[in-house]
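Engineer: this one's sequence-less:
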C-alpha cells in the first residue's frame, strides 16, 4: 500500500477537535437539507418554474394529506437567489369538476398580461383536460393567490386521435414570428394492433386561451415503442432546439422510468422538429423534469423529481416522500450532447471546506479525515495505473457495521480494455449466460452480434453485453459485474453508484444506476443525507440515486482503487440548508 497525502482546510468557520468532523444531525433522519421539498408528505413532478418581479418560483405536485401519491395539489416555493427558499401556500387545489380528481402537471407561460399557469386537470373519472389559472394580483412578487379561468377547460383530447389514458402535462407556450402561440402535451397514441406508443402533440393559439390541435409533433419510432411520453419540455439552446420527454418503465428492454432528450432543428413556418441526436438527461432516479428560461440571466434551468427507493411503509412512518433535484444549467457541450451541471449559485451553500491533495492509493482504500452526510465532494483522479479495474469514492462509511455507498468509476482509457471498433470493448469475451453470473438487465432475442451491441449502447443501465445463439444478454457494471468484466479483460468507461451495502436495515432496491464516462476525470458529488447526485465531465453524465444508511456512524469518506494505483485530489465541503423558514 502506497499513501501520499496533503490536507488543507479551506474557508474554515468553526472547527473543534483535532480531526475535522463535519457536524451531522442524527443520521437516521434521512430528510435532505438542500433539496426543495414540501414541509411534509408526498411530492413528485416539478411544475411551472419561472422568474417574476425579482423572485424565482417553483411549483410542484404534492399531496397535503399523506406521504403517498394522491389528492394532487400545486405546492409553491419562492426564492430571491435560487439558493434560499421559503414555502408558500398551495397555489392550486382540486376544487372544480374538471380537476377534482387532481391538479396535475403543467407549466407557466409569461404572456402579454403576465404569468399564467397552464395545467392538466383530472375529473372524477380521470378525464384529462388542459386548464389555465391567473394570479389574483400580478404585482404581488410572491404570487400567493391564483384564480382559475371561468372558461376552463381550454383543451380536450383531440377527436381525430385516440390516446391511451389521456393526454397531459402542457409545456410552456412559445410565440413564433407570426404572432401565434404554441405548446406541446404528452400522450400515448393507440396503435392499430391495440397497443400504444409515446408521442408529443402540438397545439396552436392566437390568444393563449383558444387552442386548436396541430398534429403529432414527435413520436416513438415503430421499432422501439414502449408506452407513454409525458412531461414534455421544449426549448432553444443556441442554434438548436431540445425536446425532452419522460417515459416510464414499460418493457424488459427499458425497465426504469427516465428522462430522454432529442436535439434537432425546429422550423417554425411548418411547425416541424427534425431530431439529429438523442440521449438521457440523468441515468438514475430522476424523472418528470421541467425547465424555464431565466429572464434575469438568459439561462435555461431545469429541476427533476428525485424518487424514493425504499418501502412505502417507510415514507408513511417518516412523514415525507420525494424531493426536487438541484437546479441544473442546460447547455450543449463540446461533444454536441446535452449537459446539465448544477447552477453556480449552489456554491453559496458551502460552509466549510477541506482540501486533500495528492492522495495516492494502490489497490486499497483510504479513509479521509473528514466526516458528514450533508456534503459536496469534488474530486479528480490522475496517474491511473494500467491494471486498475475500478476507482472512486466511498461515502456514508461506517466503522462499526457493513454500511458504505460507492461511487464507482471504470476507467474509460484503461489499457486492460481490448477490442476494436465502437462495440468491441463492451463485450464480455465469448461468455454466454451460463458463465456470466451477473446477467441482470435483460435477455433479448436479436439476430446479430452488432444488434446486441447496439442494444447495450441504447440501454441506459447497460455496462457490458454478451451474445450467443440469438440471445443478447445485457449486464450492468458494478459489484460482481465489474469484477466479471475485468476478469475478461473488457471494460467500458462508466460511472455509477453501488448501493449493495448502503444499508443493513431495509430491503431497498439496490439496482445500480450507471452512466457512460468516455473521457474526463473531474467528478462532483452532492450528498444530502439520503440523496446522491453525481456529475461527471461538467454535467455531461449525471447519475442521481437514493441511499438509506441506518447506522448513526455511517459518516466516513474514503478514496479507493482496485487493481493498481490512482492519485486523487479531493475537496469536501459542508453544505448549509436552503430553507429560510425551517
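Structural biologist: Looks like it arrived, so ask away. Fair warning: this is a prediction, and the values are worked out from it, not measured in the lab.
Engineer: going by C-alpha atoms from here, please, whenever you check contacts or count neighbours.
Structural biologist: OK.
Engineer: doesn't residue 314 lie inside a helix?
Structural biologist: Yes - under DSSP: H, G, I helix; E, B strand; the rest coil, residue 314 sits within a helix.
Engineer: per-residue pLDDT, it?
Structural biologist: On the pLDDT scale, residue 314 is placed at 92.
Engineer: how much space between it and residue 221?
Structural biologist: For residue 314, the distance to residue 221 equals 39 Å [Cα to Cα, to the nearest Å].
Engineer: these two - which one has more neighbours?
Structural biologist: Counted by other Cα atoms under 10 Å, residue 314 and residue 221 do not tie: residue 314 has more neighbours, with 14 against 11.
Engineer: in this structure, which helix or strand is least confident?
Structural biologist: Sorting the helices and strands of the chain by mean pLDDT, DSSP states H and E puts strand 6-10 at the bottom, at a mean of 38.
Engineer: residue 107 and residue 291, how far apart?
Structural biologist: Using Cα to Cα, we find residue 107 at a distance of 9 Å from residue 291.
Engineer: what's the answer for residue 237, then?
Structural biologist: 12 Å.
Engineer: and residue 520, by the same measure?
Structural biologist: According to Cα to Cα, residue 520 and residue 291 sit 27 Å apart.
Engineer: do the same with residue 365
Structural biologist: Distance, residue 365 to residue 291, using Cα to Cα: 40 Å.
Engineer: who has more neighbours, those two?
Structural biologist: Set side by side, residue 365 and residue 291 show more neighbours around residue 291, with 27 against 20, by other Cα under 10 Å.
Engineer: nearest spatial neighbour of that one, skipping sequence neighbours?
Structural biologist: Counting by Cα to Cα, 6 or more residues apart in numbering, residue 291 lies nearest to residue 302, which is 3.9 Å off, once chain neighbours are set aside.
Engineer: you'd agree the one you found is in a strand?
Structural biologist: Yes - judged by three-state DSSP, residue 302 forms part of a strand.
Engineer: and it, what is it in contact with?
Structural biologist: Residues in contact with residue 302 (Cα atoms under 8 Å, 6 or more residues apart in numbering) are 289-292, 327-330.
Engineer: between those residues, which is closest to residue 568?
Structural biologist: Of all those, residue 568 sits closest to residue 328, with 25.9 Å by Cα to Cα.
Engineer: my guess is the closest one contacts residue 301, does it?
Structural biologist: Yes - contact criterion Cα atoms under 8 Å: residue 328 and residue 301 qualify, at 5.5 Å.
Engineer: excluding its backbone neighbours, what's nearest residue 127?
Structural biologist: residue 166 (7.0 Å).
Engineer: if you could redo that for residue 263, that was the one I meant.
Structural biologist: Per Cα to Cα, 6+ apart, closest to residue 263 is residue 242, 4.6 Å.
Engineer: pull out the buried positions in the helix or strand hosting that neighbour.
Structural biologist: Assigned by DSSP states H and E, residue 242 falls within strand 240-247. The neighbour-count check on strand 240-247 (16 or more other Cα atoms under 10 Å) flags 241-247 as buried.
Engineer: with stretch 115-127 instead?
Structural biologist: Within stretch 115-127, the residues that count as buried by 16+ other Cα under 10 Å are 115-123, 127.
Engineer: what segments of the stretch 451-582 of the chain are strands?
Structural biologist: Assigned by DSSP state E, counting those that start in this stretch, the stretch 451-582 of the chain shows strands spanning 464-468, 471-475, 494-498, 514-516, 522-528, 531-536, 541-546, 556-562, 565-575.
Engineer: which strands and helices lie in contact with the lengthiest helix in the chain?
Structural biologist: Within the chain, and with DSSP state H defining each element, the longest helix by residue count is helix 449-458. The contact analysis (3 or more Cα pairs under 8 Å, 6 or more residues apart in numbering; DSSP states H and E) places helix 449-458 against strand 464-468, strand 471-475.
Engineer: swap in 10 Å and give it another go.
Structural biologist: strand 272-280, strand 442-445, strand 464-468, strand 471-475 (3 or more Cα pairs under 10 Å, 6 or more residues apart in numbering; DSSP states H and E).
Engineer: average pLDDT across it?
Structural biologist: Helix 449-458 carries an average pLDDT of 69.
Engineer: what angle do strand 272-280 and it make with each other?
Structural biologist: Inter-element angle recorded for helix 449-458 and strand 272-280: 90 degrees (by axes from the mean of the first three to the mean of the last three Cα atoms, to 10 degrees).
Engineer: for residue 338, give the beta-bridge partners.
Structural biologist: Following DSSP bridges, residue 338 is listed with bridge partners residue 332.
Engineer: do the one 4 residues further on as well
Structural biologist: For residue 342, the beta-bridge assignment (DSSP bridges) gives partners residue 328.
Engineer: on that earlier part again, how about the strands of the stretch 451-582 of the chain, which one is nearest residue 140?
Structural biologist: Comparing the strands of the stretch 451-582 of the chain by Cα to Cα, strand 565-575 comes nearest, at 31.5 Å.
Engineer: do I have it right that residue 324 meets residue 306?
Structural biologist: Yes - if you go by Cα atoms under 10 Å, residue 324 and residue 306 touch, sitting 5.6 Å apart.
Engineer: hey, what's in contact with both of these two?
Structural biologist: 35, 43-46, 286-287, 289 (Cα atoms under 10 Å, 6 or more residues apart in numbering).
Engineer: same list (those) but as TSV, adding distance to residue 579, pLDDT and secondary structure.
Structural biologist: Listed next are the shared contacts of residue 324 and residue 306 as TSV, based on distance: Cα to Cα, whole Å; pLDDT from 0 to 100; DSSP: H, G, I helix; E, B strand; the rest coil:
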residue	distance to residue 579	pLDDT	secondary structure
35	9	98	coil
43	17	98	strand
44	19	97	strand
45	20	98	strand
46	18	98	strand
286	22	95	coil
287	23	95	strand
289	22	98	strand
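Engineer: neighbour-wise, which of the residues you listed leads?
Structural biologist: residue 46 (33 neighbours).
Engineer: rewinding a little: neighbour-wise, which of residue 324 and residue 306 wins?
Structural biologist: Shown here are residue 324 and residue 306; by other Cα under 10 Å, residue 306 has more neighbours (29 against 24).
Engineer: give the contact list for that one.
Structural biologist: Residue 306 neighbours (Cα under 10 Å, 6+ apart): 35, 43-46, 284-289, 321-326, 531-533, 544-546.
Engineer: picking up where we left off before, kindly state the beta-bridge partners for the residue nearest to residue 263.
Structural biologist: residue 235, residue 263.
Engineer: mind showing which ranges of the stretch 351-500 of the chain have poor pLDDT?
Structural biologist: The model of the stretch 351-500 of the chain has pLDDT under 70 over residues 412-443, 456-466, 468, 473-492.
Engineer: 80 - rerun?
Structural biologist: Across the stretch 351-500 of the chain, the ranges flagged by pLDDT under 80 are 389, 412-492.
Engineer: helices of this protein, start to end?
Structural biologist: 312-318, 449-458, 480-487.
Engineer: low-confidence stretches in the stretch 1-150 of the chain?
Structural biologist: Low-confidence segments of the stretch 1-150 of the chain, defined by pLDDT under 80: 1-28.
Engineer: in the protein, which residue is closest to the centre?
Structural biologist: residue 286 (2.9 Å; Cα atoms, centre = their mean).
Engineer: and that residue, how far is that from residue 324?
Structural biologist: 9 Å.
Engineer: for the stretch 201-350 of the chain, give me the ranges with low pLDDT.
Structural biologist: Within the stretch 201-350 of the chain, the segments meeting pLDDT under 80 span 221-227, 248-257.
Engineer: how does it look with 90?
Structural biologist: Applying pLDDT under 90 to the stretch 201-350 of the chain flags the ranges 220-228, 247-258, 309-310.
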